[in-house]
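**Q** Starting from these lines, generate the structure:
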Amino acid sequence: MEKEPRKLVFRLTPWIFLLILPLIYIDLLWGNNIRIEQRFHYISGPETKFLGSSRRDITNAAARHESLDYLLSRLVKDEDQTSFKATGFACNTEIYSKHCVANKPLRIDTTTMSIFVPGNRSVQEETVIRPYARQEDEVLLQKVTPVKILQGNITAPPACEYTHESPAVVFSTSGFIGNVFHEINEILIPLFITTRQFKSRVVFVVEDYRPSFMKKYGDAISRLTKHEIVNPSLNRSVHCFPGAVVGLKFHGHLSLNPAEIPTGQSMKQFRQFLRESLSLKYSHVSQIGTPTVMFLSRRTTRRIINEDDVVSMIRDLGFRVIVVARSKVISNLNVFSSMINSCSVFVGAHGAGLTNEMFLPDGAVMVQVDLIGLEWAAATYYGNPAREMGVRYLRYKIEPEESSLIKIFGSRNHSAITDPKKLPVQAGKEVYLNGQNVRINIDRFRETMVEAMSLVTGDSPL
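**A** Residues are numbered from 1 along each chain as shown. Have a look, this model is predicted:
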């Protein structure tokens with residue numbers, strides 16, 4: 001009688017195994033999917049760790065366009081895409097900037113600023129990059145700490161001490177820190193260009209860390225990363241990342257070019273980003289009640305000697321005038337950006353302070369007093385970018401008699417006045433940038449300000 005149950009067990013065993021087998025297969029498949037989806041974990045929202053069983057099609061176009069591989073590839077030029085897909089590594093070198101991209105797991109040793117990128121090459125290749133957007137200035141680059149990228153056959157990489165789910169972006173805050181033009185032109189705009197598409201899911205590794213810069217632009221930087229910033233001078237350890245960008249993409253002086261990689265970035269987007277980051281009130285000049293002029297007063301070089309007379313004339317035209325000269329006000333980004341955002345017109349002689357045109361509302365006017373010998377710089381750094389910003393640009397080109405240089409060279413026909421390019425670069429800098437002031441012709445300048453009033457109000461004062 002005992003043999004019957006035993007026979008029953010043997011008869012049922014194959015059926016039980018067949019029932020369990022699919023469960024084992026599903027479990028293995030699920031585990032494999034989890035490993036695949038870890039690469040796509042990057043695309044999930046802040047409240048979703050994985051894509052979820054109802055959204056498992058990782059070939060979905062929207063998912064592809066949000067994946068880490070895709071976003072990193074957008075920072076690689078078309079001609080380098082084939083090599084990038086094969087090796088997972090590519091560098092883009094141009095006159096002003098250089099950046100390298102890796103789309104595979106890597107390690108960053110912040111003690112030596114060495115990056116280890118594994119690859120299938122039999123030999124190890126080394127790339128050294130100073131991650132700052134002034135690659136043409138060899139003297140300045142000596143202040144920027146170099147990053148060494150080792151790519152290929154890496155036999156004994158250092159062990160991970162910290163593991164991150166988001167890619168690294170390595171850049172330097174060295175350079176001309178304290179000068180608003182260089183801070184925005186060479187760090188903030190390139191940082192926006194390089195990282196905006198990642199929607200704050202990047203880890204900033206900031207070389208040559210400058211607390212003053214990070215404090216000044218903290219509100220903007222915090223919108224580009226949701227992670228704690230890694231300061232190599234304080235955090236000497238090995239960090240592991242799923243990918244990295246070393247260096248920042250540069251499009252041009254105070255410029256974003258939608259046609260350049262990563263395509264689609266525009267000055268309009270950057271200005272909207274600034275408005276949101278700094279809580280600026282006005283988006284268009286029509287929202288401002290009384291037409292208001294901000295007059296940027298200079299106290300050293302390129303001074304407007306008869307500043308009081310100029311300001312009085314502007315007031316007589318019906319403008320409210322705010323004169324700003326104190327460096328403490330200008331260096332406080334939150335305060336000063338709000339002040340200039342409430343103005344219809346921005347007036348100043350050529351200089352870094354004109355970079356603050358960035359905070360004017362759309363449709364506002366920027367008036368640049370264009371001095372002798374500075375025509376190219378005036379147009380390249382402030383005039384042309386103003387138009388891209390949606391700001392109307394008026395150029396007041398001074399006559400030789402308005403420049404203090406007329407006293408030095410004696411005649412408007414002197415070659416230093418008629419052909420400034422003849423002077424060597426360093427001598428020209430001392431003469432035109434550091435040795436020139438201006439006494440504005442009130443009647444001539446009045447015409448420019450009448451035009452400015454007409455542009456912001458649609459009316460022309462008598």
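
**Q** quick one, helices of the stretch 51-200 of the chain?
**A** Under the criterion DSSP state H, counting those that start in this stretch, the stretch 51-200 of the chain carries helices at the ranges 61-64, 68-73, 81-87, 138-141, 180-183, 189-195.

**Q** Tell me which of those lies nearest to Leu248.
**A** helix 189-195 (3.5 Å; C-beta to C-beta). (Each C-beta comes from the backbone N, C-alpha and C, glycine too.)

**Q** Who are the packing partners of the closest one?
**A** Contacts defined by 3 or more C-beta pairs under 8 Å, 6 or more residues apart in numbering; DSSP states H and E place helix 189-195 against strand 168-172, helix 267-278.

**Q** Switch these over to TSV; also include distance to Lys216, mean pLDDT and mean neighbour count.
**A** Formatted as TSV, the helices and strands packed on helix 189-195 follow (distance: least, C-beta to C-beta, whole Å; pLDDT from 0 to 100; neighbours: other C-beta atoms under 10 Å):
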stretch	distance to Lys216	mean pLDDT	mean neighbour count
strand 168-172	16	97	25
helix 267-278	11	96	18
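
**Q** Make CSV from these and add distance to Asp137 to it.
**A** As requested, the helices and strands packed on helix 189-195 are exported to CSV (distance: least, C-beta to C-beta, whole Å):
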stretch, distance to Asp137
strand 168-172, 13
helix 267-278, 23
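
**Q** count of neighbours near Ser97?
**A** For Ser97, the count of nearby residues is 22 (other C-beta atoms under 10 Å).

**Q** make that Tyr382, sorry
**A** By the criterion of other C-beta under 10 Å, Tyr382 has 26 neighbours.

**Q** Double-check that it belongs to a helix.
**A** Yes. When classified by DSSP: H, G, I helix; E, B strand; the rest coil, Tyr382 is found to be part of a helix.

**Q** Please name the nearest non-neighbouring residue to it.
**A** In space, and not counting its chain neighbours, Tyr382 is closest to Leu354: 4.6 Å by C-beta to C-beta, 6 or more residues apart in numbering.

**Q** show me the contacts for the one you found.
**A** Counting by C-beta atoms under 8 Å, 6 or more residues apart in numbering, Leu354 makes contact with Phe181, Leu296, Phe346, Gly348, Met366, Gln368, Tyr381, Tyr382.

**Q** quick one: which of the residues you listed is nearest Phe171?
**A** Phe171 lies nearest to Phe181 out of the contacts of Leu354, by C-beta to C-beta, at 17.7 Å.

**Q** and the gap between that closest one and Tyr162?
**A** For Phe181, the distance to Tyr162 equals 35 Å [C-beta to C-beta, to the nearest Å].

**Q** Those two - which one has more neighbours?
**A** Remark: of Phe181 and Tyr162, Phe181 carries more neighbours, 18 against 14, as counted by other C-beta under 10 Å.

**Q** OK, contacts around the more buried one?
**A** Residues near Phe181 by C-beta under 8 Å, 6+ apart: Leu254, Ala352, Leu354, Thr355, Tyr381.

**Q** one more time with 10 Å
**A** His253, Leu254, Gly351, Ala352, Gly353, Leu354, Thr355, Asn356, Tyr381, Tyr382 (C-beta atoms under 10 Å, 6 or more residues apart in numbering).

**Q** same thing with Glu228?
**A** Contact analysis of Glu228 by C-beta under 10 Å, 6+ apart lists Val203, Phe204, Asn235.

**Q** Send over stretch 406-426 as CSV, restricted to the C-alpha atoms.
**A** Coordinates of each C-alpha in stretch 406-426 appear next as CSV, following Å, rounded to 0.1, in the frame of the first residue of the first chain:
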residue,chain,number,x,y,z
ILE,A,406,43.4,114.0,-29.0
LYS,A,407,45.5,115.8,-26.3
ILE,A,408,48.1,113.1,-26.4
PHE,A,409,48.5,112.7,-30.1
GLY,A,410,47.8,116.4,-31.0
SER,A,411,45.7,115.8,-34.1
ARG,A,412,42.7,113.8,-35.3
ASN,A,413,44.9,112.9,-38.3
HIS,A,414,47.5,111.1,-36.2
SER,A,415,47.8,107.4,-37.2
ALA,A,416,47.0,106.3,-33.6
ILE,A,417,43.6,107.8,-34.1
THR,A,418,42.9,107.1,-37.8
ASP,A,419,44.4,103.6,-37.9
PRO,A,420,44.6,102.1,-34.4
LYS,A,421,45.5,98.6,-35.8
LYS,A,422,49.0,99.9,-36.5
LEU,A,423,49.9,99.8,-32.8
PRO,A,424,51.1,96.5,-31.4
VAL,A,425,48.5,94.6,-29.4
GLN,A,426,49.9,95.3,-25.9
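
**Q** got the buried residues for stretch 332-345?
**A** For stretch 332-345, a neighbour-count test (16 or more other C-beta atoms under 10 Å) marks Leu333, Phe336, Ser337, Ser338, Met339, Ile340, Asn341, Ser342, Cys343, Ser344, Val345 as buried.
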